[in-house]
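In: sequence first, predicted model second:
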Amino acid sequence: MQRIPEPELMNEPEQARAYAEADFSAPHDAFVAHFRQRFPGFAGGAAIDLGCGPADVTMRFARAYPEAAILGLDGAQAMLDLGRKAVDAEGLGQRLTLQQCCLPDTDLPPRAFDAVISNSLLHHLDDPAVLWQTVRHVARRGAALLVMDLMRPASAAEAESLTQRYAADAPPVLQRDFHHSLLAAYRPDEVRQQLDAAGLEQLRVEAVSDRHLLVWGTIHV
């Protein structure tokens, strides 16, 4: 099945509220668990979350690593407005900063971060090289990188089946977005080609569920 791109930004107020109010605890806790498993030596430092949305993963990462200072970036102001309220409510404002940013952004500090994380951004990018170029720009040598994203199904029928399995009880806007996101996601072999073209051959790509893939490793460039 060929990839069908979707809009890069999720800036509709209804859309942002639906994401902020939804229970993504299972995949988002899994994200942090994947990071812990693959980087057991990481204890803290400067971290950046690319495409943080309403900051749910960002806050879970902050709670898991109390010695980390985290910058969350997103292009959608509606998402960030809700994220900032959540950060303030959690009392994480001293360690967690949210900033509007559309990639690529050459004003980001170079080689400044000990950890680079990203959840569900890649499939929004029509040019995936933007993400990998940003990773190379912001990551210190030796930084830990973990990117989790959806994985495009083999067929439209499988995409519909996954939508019914995982989003049947979700609000209509989330059902729609999940289905569209599956169609817009990249396959592991496509991501492998992206990494090789970006000079990030050391990073690993693996499927970790019937709908998620991980890109992870230590940055050496």
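Out: Structure received.

In: pretty sure residue 169 is in a strand, no?
Out: No: with DSSP: H, G, I helix; E, B strand; the rest coil as the criterion, residue 169 is assigned coil and is not in a strand.

In: mind checking pLDDT for it?
Out: Among the per-residue scores, residue 169 holds a pLDDT of 90.

In: distance-wise, check it relative to residue 22.
Out: 10 Å (CB to CB, to the nearest Å). Where you see a C-beta, it was placed from the backbone N, CA and C, and this is true even at glycine.

In: which of those two has more neighbours?
Out: Per other CB atoms under 10 Å, whichever of residue 169 and residue 22 has more neighbours is residue 22, with 15 against 7.

In: okay, and the residue lying farthest from the centre of the chain sits in which element?
Out: For the chain, the largest distance from the centre (CA atoms, centre = their mean) belongs to residue 157, which lies 25.5 Å off. Taking DSSP states H and E as the criterion, residue 157 maps to helix 156-167.

In: mind listing the strands for the chain?
Out: According to DSSP state E, the chain carries its strands in the segments 44-50, 67-74, 96-100, 113-119, 139-150, 204-207, 212-218.

In: check contacts around the residue positioned nearest the centre of the chain.
Out: For the chain, the residue nearest the mean C-alpha position is residue 119 (1.6 Å; CA atoms, centre = their mean). Residues near residue 119 by CB atoms under 8 Å, 6 or more residues apart in numbering: 28, 31, 49, 51, 53, 57, 147-149.

In: so how far is the helix or strand of the chain at the bottom of the mean pLDDT ranking off the chain centroid?
Out: Every helix and strand in the chain was compared by mean pLDDT, DSSP states H and E; the lowest is helix 13-21, with a mean of 71. Its chain's average C-alpha position is 17 Å from that of helix 13-21, according to CA atoms, centre = their mean, to the nearest Å.

In: residue 209: neighbouring residues, count only.
Out: 13.

In: residue 149 contacts residue 121, doesn't it?
Out: Yes: counting by CB atoms under 8 Å, residue 149 does reach residue 121; the two are 7.1 Å apart.

In: okay, and the common contacts of those two?
Out: By CB under 8 Å, 6+ apart, no residue touches both residue 149 and residue 121.

In: point out where this structure drops to low pLDDT.
Out: Along the chain, segments meeting pLDDT under 70 span 8-11, 19-20.

In: let's see it at 80
Out: 7-23, 106 (pLDDT under 80).

In: pick the most deeply packed of the strands of the chain.
Out: Burial of the strands of the chain is given as mean neighbour count (mean count of other CB atoms under 10 Å); strand 113-119 ranks first at a mean of 24.

In: that one vs strand 139-150, what angle?
Out: Counting by axes from the mean of the first three to the mean of the last three CA atoms, to 10 degrees, strand 113-119 lies at 10 degrees to strand 139-150.

In: how about strand 113-119 as PDB, C-alpha atoms only?
Out: Extracted in PDB, the C-alpha atoms of strand 113-119 (Å, rounded to 0.1, in the frame of the first residue of the first chain):
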ATOM      1  CA  PHE A 113      21.300  17.600  24.000                       C
ATOM      2  CA  ASP A 114      22.200  14.400  25.700                       C
ATOM      3  CA  ALA A 115      18.900  12.700  24.700                       C
ATOM      4  CA  VAL A 116      16.700  13.200  21.600                       C
ATOM      5  CA  ILE A 117      13.200  11.700  21.700                       C
ATOM      6  CA  SER A 118      10.300  11.900  19.400                       C
ATOM      7  CA  ASN A 119       6.900  10.200  19.400                       C
END
